[in-house]
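Visitor: no FASTA, just this:
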């Protein structure tokens with residue numbers, strides 16, 4: 001569609017076929033240059049890389065099984081009739097080596113505390129959070145339906161009247177708030193056109209409301225009406241801060257419940273699911289007990305994670321998750337990590353069974369300790385992304401590719 005082309009930056013005179021071929025060519029150039037760089041740095045295939053490849057192939061096999069297809073059939077469905085398992089593994093191997101070279105560069109980027117502080121001072125809006133209340137007054141006139149069910153857009157007079165109604169309501173609410181009435185209570189007087197919200201850790205988005213909230217002159221208790229098109233915002237500022245709380249480092253061993261064999265519409269679905277969950281929970285409990293019966297050290301926990309964990313993101317590094325921030329993980333995992341009583345060496349089992357979650361499973365947890373403040377992690381990540389983007393762009397700068405007969409298979 002034209003909208004999709006606009007979002008992806010595809011020019012009107014470029015066909016989708018040409019776009020995807022160009023994207024494929026750019027990707028091939030990048031992978032080729034990364035492989036070349038990896039070779040120059042003597043980054044070669046190793047056991048950990050093989051484990052990544054095996055894990056990906058196992059996941060693909062699971063998806064293929066769920067779709068009722070063989071791996072070969074499933075790969076062809078995803079990538080075209082010319083793709084084979086052998087070719088796919090070769091491409092995956094190149095991609096894994098390239099990603100390790102990328103990570104090697106990222107790991108080489110180091111910043112002093114002074115550099116982090118300087119970058120933060122220059123880009124405060126990107127990292128600070130604000131506590132404020134907001135009542136949004138809707139000033140857009142609603143469309144109507146005619147006798148035939150066709151949509152009738154509001155007239156200019158109706159639109160002007162709706163906007164004026166919102167402005168008058170916002171002005172009246174502002175006086176109410178200034179007199180000491182809570183914004184949430186004030187909003188209820190205009191609930192047909194007003195919506196109350198209270199971001200306690202709101203971030204800067206660059207819109208009219210947050211531009212006012214994040215203005216350097218803002219003081220606790222400031223109130224204001226801010227207009228943005230047909231929306232009128234009544235804002236009450238409380239405070240602004242940065243994320244000074246410490247991130248945490250944890251290790252975990254994931255036992256994931258595989259539901260691919262279950263029919264969610266079957267009468268015995270819930271019973272079979274509970275049976276699978278009970279089995280995985282028992283595996284988690286057995287693993288924790290085995291660790292306690294052994295050396296019961298962080299090192300032995302890491303070894304067990306590499307052996308047992310079904311989390312491909314951490315089962316090659318001892319189950320380690322570094323610099324975990326609040327809200328990053330599923331709620332049960334998050335709550336365990338940021339429990340105020342948590343101390344280095346604590347262990348436990350956390351269930352992940354939230355409705356709508358990406359998986360059901362059990363985490364055997366090991367608390368390593370606290371890490372850098374979150375604001376520092378945010379700044380370091382921003383600086384890393386900036387430097388990596390520049391490095392990545394220079395890697396393929398002035399590199400051109402010649403199209404041979406193989407390009408006919410792209411698309």
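Guide: Great, that's in hand. What you see is a predicted model, and the numbers here were worked out from it, not measured in a lab.
Visitor: for residue 224, which non-adjacent residue is closest in space?
Guide: residue 235 (5.3 Å; Cβ to Cβ, 6 or more residues apart in numbering). The C-beta positions use only the backbone N, C-alpha and C, and glycine is treated the same way.
Visitor: quick check: bridge partners of that neighbour?
Guide: Residue 235 has these beta-bridge partners by DSSP bridges: residue 134, residue 224.
Visitor: was I right about it contacting residue 223?
Guide: Yes: Residue 235 lies in contact with residue 223 (Cβ atoms under 8 Å); the separation is 6.7 Å.
Visitor: report how many residues lie close to the spatially closest residue to residue 359 that is not a sequence neighbour.
Guide: Counting by Cβ to Cβ, 6+ apart, residue 256 is the residue found nearest to residue 359 once chain neighbours are left out, at 5.4 Å. Applying other Cβ atoms under 10 Å, we find 16 residues neighbouring residue 256.
Visitor: over to residue 99?
Guide: The number of residues near residue 99, taken as other Cβ under 10 Å, comes to 15.
Visitor: higher neighbour count, residue 235 and residue 223?
Guide: residue 235 (23 against 14).
Visitor: what are the buried residues along stretch 113-126?
Guide: Buried positions in stretch 113-126, judged by neighbour count with 16 or more other Cβ atoms under 10 Å: 116, 119-120, 125.
Visitor: equivalent analysis for stretch 129-140, please.
Guide: 129-139.
Visitor: go on, stretch 62-72?
Guide: For stretch 62-72, by 16+ other Cβ under 10 Å, it's residue 64.
Visitor: now the stretch 251-400 of the chain, which segments are flagged as low pLDDT?
Guide: Applying pLDDT under 70 to the stretch 251-400 of the chain flags residues 354-358.
Visitor: now do the same contact list for the most centrally placed residue in the chain.
Guide: Most central in the chain under Cα atoms, centre = their mean is residue 328, positioned 8.0 Å from the mean C-alpha point. By Cβ atoms under 8 Å, 6 or more residues apart in numbering, the contact list for residue 328 reads residue 334.
Visitor: that one sits in which helix or strand?
Guide: Applying DSSP states H and E as the criterion places residue 328 outside every helix and strand.
Visitor: that one and residue 344, how far apart?
Guide: 20 Å (Cβ to Cβ, to the nearest Å).
Visitor: list the contacts of residue 308.
Guide: 253, 255, 283, 287 are the contacts of residue 308 under Cβ under 8 Å, 6+ apart.
Visitor: got the contact list for the helix or strand hosting the third one?
Guide: Assigned by DSSP H and E, residue 283 falls within helix 269-293. Applying Cβ under 8 Å, 6+ apart, the contact partners of helix 269-293 are 253, 255-259, 262-263, 266, 300-301, 304, 308, 347, 349, 351, 353, 360-364.
Visitor: beyond it, next helix or strand please.
Guide: Next element after helix 269-293 (DSSP H and E): helix 298-308.
Visitor: in its sheet, what does the next helix or strand after that following helix sit against?
Guide: Going down the chain from helix 298-308, the next helix or strand is strand 320-324, by DSSP H and E. According to DSSP bridges, strand 320-324 has the following sheet partners: strand 246-256 (antiparallel).
Visitor: can I get the buried residues of stretch 129-140 in a markdown table including distance to residue 397 and pLDDT?
Guide: Shown next, in a markdown table, are these (distance: Cβ to Cβ, whole Å; pLDDT from 0 to 100):
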| residue | distance to residue 397 | pLDDT |
| --- | --- | --- |
| 129 | 37 | 96 |
| 130 | 40 | 98 |
| 131 | 44 | 98 |
| 132 | 44 | 98 |
| 133 | 49 | 98 |
| 134 | 45 | 98 |
| 135 | 50 | 98 |
| 136 | 46 | 98 |
| 137 | 50 | 97 |
| 138 | 49 | 96 |
| 139 | 49 | 94 |
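Visitor: now, the most widely separated pair of those?
Guide: 129 and 139 (28.2 Å; Cβ to Cβ).
Visitor: what about the strands in this protein?
Guide: 129-138, 144-145, 151-152, 194-197, 223-228, 231-241, 246-256, 320-324, 347-352, 361-373 (DSSP state E).
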